[in-house]
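Asks: My questions are about this predicted structure, shown below with the sequence.
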Amino acid sequence: MKSYIKKCGICGQYTLEDMHCNEKTASVGALKFSPQDKYAKYRRKIKEIE
């Protein structure tokens, strides 16, 4: 899965843009996985709707 979320190295803000604060943004790594994921049921429900 390709990550579209990027992070500005200057201000630390997350964005979808390639440039922020006049500097190229870096793509963020994969999210951490937790077996006790509190929001898994909501993500599955969103996927059903889409």
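Replies: That came in fine, so what should we check first?

Asks: Tell me how far the helix or strand of the chain with the lowest mean pLDDT lies from the chain's centre.
Replies: Ranking every helix and strand in the chain by mean pLDDT, DSSP states H and E puts helix 40-49 at the bottom, with a mean of 82. Distance of helix 40-49 from its chain centroid, counting by CA atoms, centre = their mean, to the nearest Å, is 17 Å.

Asks: what's that helix packed up against?
Replies: Here helix 40-49 touches no other helix or strand, going by 3 or more CB pairs under 8 Å, 6 or more residues apart in numbering; DSSP states H and E. Glycine gets a C-beta too; all of them are placed from N, C-alpha and C.

Asks: list the buried ones in stretch 17-35?
Replies: 20, 25 (16 or more other CB atoms under 10 Å).

Asks: Low-confidence bits of the protein, can you list those?
Replies: Within the chain, the segments meeting pLDDT under 70 span 1-3, 31, 50.

Asks: Residue 7: how many residues sit nearby?
Replies: Using other CB atoms under 10 Å, residue 7 has 15 neighbouring residues.

Asks: Contacts for stretch 17-30 next, please.
Replies: Outside of stretch 17-30, the residues within contact range by CB atoms under 8 Å, 6 or more residues apart in numbering are 3, 5-11, 13-15.

Asks: Switch those over to CSV; also include secondary structure and distance to residue 24.
Replies: Shown next, in CSV, are the contacts of stretch 17-30 (DSSP: H, G, I helix; E, B strand; the rest coil; distance: CB to CB, whole Å):
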residue, secondary structure, distance to residue 24
3, coil, 15
5, coil, 15
6, strand, 9
7, strand, 11
8, coil, 9
9, coil, 8
10, coil, 11
11, coil, 14
13, coil, 14
14, strand, 15
15, strand, 11
